[in-house]
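Chemist: give me the fold of what follows.
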Amino acid sequence: MGGSDRKIDTGIDFGEFSYSYTCIIIFAVLFCLTAIRNLSIFVKIATFGVIFVAMIIVFIIGIGIYGFTNTDYVYT
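Modeler: A predicted model of the protein is given here:
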């Protein structure tokens, strides 16, 4: 008891949407992005970089505060 009887299955499972499909989708997206020869889209995205970095920092701080205030976690 005491948490030692809990085990998370991390095996490969293509029967339903799982980490395996997530890895394949991320690989395909990143492969397509790196195959682009025209870099102007990356320059346009980089102009908004400061805004997105600020949004990510605010999101992380918000989730951190929520995690500290919510301690009612349930393992299913």
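Chemist: which residues are contacting the biggest helix by length in the chain?
Modeler: Secondary structure of the chain per DSSP state H: the longest helix is helix 49-69. Residues from elsewhere that reach helix 49-69 (C-beta atoms under 8 Å, 6 or more residues apart in numbering): none. All C-beta atoms are positioned from the backbone trio N, CA, C, and that covers glycine.
Chemist: make residue 1 into 29 and carry on from there
Modeler: Done: numbering now begins at 29, and the last item shifts to helix 77-97.
Chemist: give me the mean pLDDT for it.
Modeler: Mean per-residue pLDDT for helix 77-97: 86.
Chemist: now find how far off-centre it is within its chain.
Modeler: 14 Å (C-alpha atoms, centre = their mean, to the nearest Å).
Chemist: in that helix, what counts as buried?
Modeler: For helix 77-97, the neighbour count (16 or more other C-beta atoms under 10 Å) marks no residue as buried.
Chemist: now that helix - C-alpha only, PDB.
Modeler: Extracted in PDB, the C-alpha atoms of helix 77-97 (Å, rounded to 0.1, in the frame of the first residue of the first chain):
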ATOM      1  CA  GLY A  77       8.300  36.500 -29.900                       C
ATOM      2  CA  VAL A  78       8.300  38.900 -27.000                       C
ATOM      3  CA  ILE A  79       4.600  38.800 -26.700                       C
ATOM      4  CA  PHE A  80       4.500  35.000 -26.800                       C
ATOM      5  CA  VAL A  81       7.300  34.700 -24.200                       C
ATOM      6  CA  ALA A  82       5.400  37.000 -21.900                       C
ATOM      7  CA  MET A  83       2.200  35.000 -22.400                       C
ATOM      8  CA  ILE A  84       4.000  31.700 -21.600                       C
ATOM      9  CA  ILE A  85       5.600  33.300 -18.500                       C
ATOM     10  CA  VAL A  86       2.100  34.500 -17.300                       C
ATOM     11  CA  PHE A  87       0.600  31.000 -18.100                       C
ATOM     12  CA  ILE A  88       3.400  29.200 -16.100                       C
ATOM     13  CA  ILE A  89       3.000  31.600 -13.100                       C
ATOM     14  CA  GLY A  90      -0.800  31.200 -13.200                       C
ATOM     15  CA  ILE A  91      -0.600  27.400 -13.300                       C
ATOM     16  CA  GLY A  92       2.000  27.400 -10.500                       C
ATOM     17  CA  ILE A  93      -0.300  29.500  -8.300                       C
ATOM     18  CA  TYR A  94      -3.200  27.200  -9.100                       C
ATOM     19  CA  GLY A  95      -1.100  24.200  -8.300                       C
ATOM     20  CA  PHE A  96      -0.200  25.600  -4.900                       C
ATOM     21  CA  THR A  97      -3.700  26.600  -4.000                       C
END
